[in-house]
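Enquirer: Curious how this folds, go ahead:
(2 chains)
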Amino acid sequence: MSVAVPRTLDEAIELLASDPQATLLAGGTDLMVEVNLHGRRPTTVVSLARVPELSMWRIDDDHVVIGSGVPYAAMENGPLAEVLPALAEAARTVGSPQIRAAGTLGGNLGTCSPAGDGLPVLAALDATVELVSAQGLRSVPFAEFMTGVKRNSARPDEIIRAVVIPRHIGWQGYAKVGTRNAMVIATASVCLLRTDNRIAVAMGAVGPTILRAREAEDWIVDQTSLADRPSQAVIDEFAERVAAAARPIDDHRSTAAYRRHAVRVLARRLLERSYR
Amino acid sequence: MTASSPTSLDYRLRVNGREHLVQDSWIGESLLYVLRERLGLPGSKGACEQGECGSCTVVIDGRAVCSCLVLAASAVDSSITTVEGLGADGALSDVQQAFIDAGGVQCGFCTPGFIVAVHHLLANTPEPSDNDIREALSGNICRCTGYGRILDAVQQVVVRRREAGTAS
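Expert: Numbering: from 1, shown residues only, chains lettered A, B, ... in the order given. Below is the predicted model of the structure:
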């Protein structure tokens, strides 16, 4: 039984290489709920909270690199929020200030819940996940990273180092529906990016992974120039096609029918908002 | 790395400026549990155990977090401040006094979490707007007061500190 608190990324990689079954701990906001309430019993834990390489972020000309250990609080306002407004909007909906001070984007990726608030942003903006291990570094597009409900393609010996998010010229926004406005897990969430010549739209909590509405994205570009606000009929049809791409289920949090309705409303709202 | 044996952990935590040795602990113990059950610091309260109520709020290395979601053994070499560490020598802090004066305490269960959250807010934002206060306290749930008097208490502290010329 041990809890390791490595102080460098190399040390963390080494620890995980020697025991790939070790439980990785980031902000603790998922793992500790499992331990406190759901009977999870870890035997070896590697905490990533003191690894400085994971807490760095950087804004380059064409992309933004956010270390997996950067807390959501750092994305709500300031330089990151200026270049990634959709991520800032998503970050502000995560839990409470206490949760956002601890919870990280890397933790969202490690857990890979379809309701993870940061994930639709990564899907819509075509982010890449950087994974490191003793074997070296590999970059995986988000769409290939998340493989199912709480499943991802990281190997047990790999650590999520950072997320690389391209800087798109255009409008981006995020919206979420839950049972109330604060401290809530998403019933449905949507992130929308609009550039001069395309729209990208990703949905959370309405399928086993974050879903892109590719058919709707292609359809709207064929209908209209995006330079000016499309007709209401086109916007409504777009929202309808986004909703059609959802694969929601009935569960303890909501119903499939309501979730599909919610993504329709959110997609329409975000597209309209992008022209204000 | 913390000392380890097949079945238990020993490690040190620095709480309110004092070093504490934690011995023979189970790996999954939360900081909240260790504070209350092992270190004799029961001020932090446990209710939801999942980060929703804020009753267990403590400050670790300058961040206000829920101690129920902190793996205690991972908090080594951190500076941890609990509600017990806010007033000088056991006296009430100005925030605690203002909660009493404003009637911001009823059953009192949530109060320690609020007190820590308010100290943290005012340390970083000495002149908060009403929205700043509401946002900073949005992770703390109170089922008695309806929050109005808690917000009043925070405003009282801001005014008193301003008048006293002490920004923190």
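Enquirer: Local confidence estimate at B:Thr7?
Expert: On pLDDT, B:Thr7 comes in at 74.
Enquirer: before we move on, what about B:Ala167?
Expert: 51.
Enquirer: next one: B:Val105
Expert: For B:Val105, the pLDDT comes out at 97.
Enquirer: what's the answer for A:Val65, then?
Expert: 98.
Enquirer: ok, how many other residues are close to it?
Expert: When neighbours are counted by other Cβ atoms under 10 Å in any protein chain shown, A:Val65 registers 17. Any C-beta I mention is one placed from the backbone N, CA and C, and that applies to glycine too.
Enquirer: confidence score at the residue lying closest to B:Val70 once chain neighbours are set aside?
Expert: With Cβ to Cβ, 6 or more residues apart in numbering or on different chains as the measure, B:Leu31 is the residue that lies nearest to B:Val70, at 3.9 Å, once sequence neighbours are left out. At B:Leu31, the model reports a pLDDT of 98.
Enquirer: Tell me who's in contact with the residue of chain B found nearest chain A.
Expert: Using Cβ to the nearest Cβ, B:Gly139 is the residue of chain B that sits closest to chain A, at 2.5 Å. B:Gly139 makes contact with A:Gly95, A:Ser96, A:Pro97, A:Gln98, A:Ile99, A:Met183, B:Gly54, B:Thr57, B:Cys66, B:Ala117, according to Cβ atoms under 8 Å, 6 or more residues apart in numbering or on different chains.
Enquirer: near chain A, which residues of chain B?
Expert: With Cβ under 8 Å from any Cβ of the partner chain as the criterion, chain B meets chain A at residues B:1-2, B:4-9, B:11, B:27-28, B:30, B:49-52, B:54, B:57, B:63-66, B:68-71, B:73-74, B:76-77, B:117, B:135-136, B:138-140.
Enquirer: What about those, which are in strands?
Expert: B:Ser4, B:Leu9, B:Tyr11, B:Thr57, B:Arg63, B:Ala64, B:Val65, B:Cys66 (DSSP state E).
Enquirer: contacting residues around the last one?
Expert: For B:Cys66, the contact set (Cβ under 8 Å, 6+ apart) comprises A:Gln98, A:Ile99, A:Ala102, B:Leu32, B:Gly51, B:Gly54, B:Cys56, B:Thr57, B:Gly139.
Enquirer: most surrounded residue in those?
Expert: Counting by other Cβ under 10 Å, top hit in the contacts of B:Cys66: B:Thr57 with 33 neighbours.
Enquirer: Check what pLDDT it gets.
Expert: B:Thr57 is given a pLDDT of 98.
Enquirer: Isn't it up against B:Asn140?
Expert: Yes: the criterion here is Cβ atoms under 8 Å, and B:Thr57 meets it with B:Asn140 at 6.7 Å.
Enquirer: which neighbours do those two share?
Expert: Common neighbours of B:Thr57 and B:Asn140 (Cβ under 8 Å, 6+ apart) are B:Gly113, B:Phe114, B:Ala117.
Enquirer: buried ones in the longest helix anywhere in chain B?
Expert: If you go by DSSP state H, chain B has its longest helix at helix B:148-164. Judged by neighbour count (16 or more other Cβ atoms under 10 Å in any protein chain shown), helix B:148-164 contains these buried residues: B:Arg149, B:Ile150, B:Leu151, B:Asp152, B:Ala153, B:Val154, B:Gln156, B:Val157, B:Val158, B:Arg161.
Enquirer: would TSV of those residues with distance to A:Gly69 and pLDDT be doable?
Expert: Below are these laid out as TSV (distance: Cβ to Cβ, whole Å; pLDDT from 0 to 100):
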residue	distance to A:Gly69	pLDDT
B:Arg149	38	97
B:Ile150	33	98
B:Leu151	34	98
B:Asp152	38	98
B:Ala153	35	98
B:Val154	31	98
B:Gln156	38	98
B:Val157	33	98
B:Val158	33	98
B:Arg161	34	97
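Enquirer: Export those as JSON lines, with columns for distance to A:Asp251.
Expert: Shown next, in JSON lines, are the buried residues of helix B:148-164 (distance: Cβ to Cβ, whole Å):
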{"residue": "B:Arg149", "distance to A:Asp251": "39"}
{"residue": "B:Ile150", "distance to A:Asp251": "35"}
{"residue": "B:Leu151", "distance to A:Asp251": "36"}
{"residue": "B:Asp152", "distance to A:Asp251": "41"}
{"residue": "B:Ala153", "distance to A:Asp251": "40"}
{"residue": "B:Val154", "distance to A:Asp251": "39"}
{"residue": "B:Gln156", "distance to A:Asp251": "45"}
{"residue": "B:Val157", "distance to A:Asp251": "44"}
{"residue": "B:Val158", "distance to A:Asp251": "44"}
{"residue": "B:Arg161", "distance to A:Asp251": "48"}
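Enquirer: What is the nearest of those to B:Thr81?
Expert: Closest approach between those and B:Thr81, by Cβ to Cβ: B:Val157, at 17.3 Å.
Enquirer: Report how many residues lie close to the residue lying closest to the closest one once chain neighbours are set aside.
Expert: Among residues not flanking B:Val157 along the chain, B:Ala98 sits closest, at 4.7 Å (Cβ to Cβ, 6+ apart). Neighbour count of B:Ala98, defined by other Cβ under 10 Å: 24.
Enquirer: Tell me if I am right that B:Ala98 is in a strand.
Expert: No: counting by DSSP: H, G, I helix; E, B strand; the rest coil, B:Ala98 is not part of a strand but helix.
Enquirer: ok, now which ones touch the residue lying closest to B:Gly139 once chain neighbours are set aside?
Expert: What sits nearest to B:Gly139 in space, not counting adjacent residues and going by Cβ to Cβ, 6+ apart, is A:Ser96, at 2.5 Å. Taking Cβ under 8 Å, 6+ apart, we find A:Ser96 in contact with A:Ala182, A:Met183, B:Gly51, B:Glu52, B:Gly54, B:Ser138, B:Gly139, B:Asn140.
Enquirer: Many thanks, we can stop here.
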